[in-house]
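> I would like to see how this sequence folds:
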Amino acid sequence: MATYDNLPVYKASYDLLLNIFNFFVEMKREYKYMIGENLKKEMVAMISNIYRANSALANRSIQIQLARENLEIIRLFLSWSG
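Residues are numbered from 1 along each chain as shown. Reported below is the predicted structural model:
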């Protein structure tokens with residue numbers, strides 16, 4: 001089993017998290033604390049679910065489904081943040 005930090009999906013998610021942190025600095029004030037904080041929390045949850053899916057021996061598909069749900073919520077937040 002590959003370590004989680006070598007997975008392409010983990011690397012891409014981590015890069016997205018870094019980009020979101022940079023985007024957060026430039027985000028409009030009206031969105032920064034409501035959407036911005038939730039966006040960062042969803043990103044951390046998605047990365048955590050990717051880690052759990054990689055390390056789980058059972059219920060891997062559940063963790064993958066949770067990560068997909070996190071991704072859809074992230075897309076929604078990004079569309080709202082304009």
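> tell me the mean pLDDT for the lengthiest helix in the chain?
Scanning the chain for the longest helix, with DSSP state H as the assignment, gives helix 60-80. What helix 60-80 shows for mean pLDDT is 92.
> name the helices or strands packed onto it?
With contacts defined as 3 or more CB pairs under 8 Å, 6 or more residues apart in numbering; DSSP states H and E, helix 60-80 has these neighbours: helix 37-55. Bear in mind the C-beta positions are built from the backbone N, C-alpha and C, glycine included.
> what sits up against the helix it packs on?
1-4, 7, 9-10, 13-14, 16-17, 20-21, 24, 60, 63-64, 66-67, 70-71, 73-74, 77-78, 81 (CB atoms under 8 Å, 6 or more residues apart in numbering).
> please redo it, this time with the cut-off set to 6 Å
Here helix 37-55 makes contact (CB atoms under 6 Å, 6 or more residues apart in numbering) with 4, 9-10, 13, 17, 20, 60, 63-64, 66-67, 70-71, 73-74, 77.
> how far off centre is it?
Distance of helix 37-55 from its chain centroid, counting by CA atoms, centre = their mean, to the nearest Å, is 5 Å.
> what is the orientation angle of it with helix 60-80?
Regarding helix 37-55 and helix 60-80, their directions subtend 160 degrees when assessed with axes from the mean of the first three to the mean of the last three CA atoms, to 10 degrees.
> right, I'll call it a day here.
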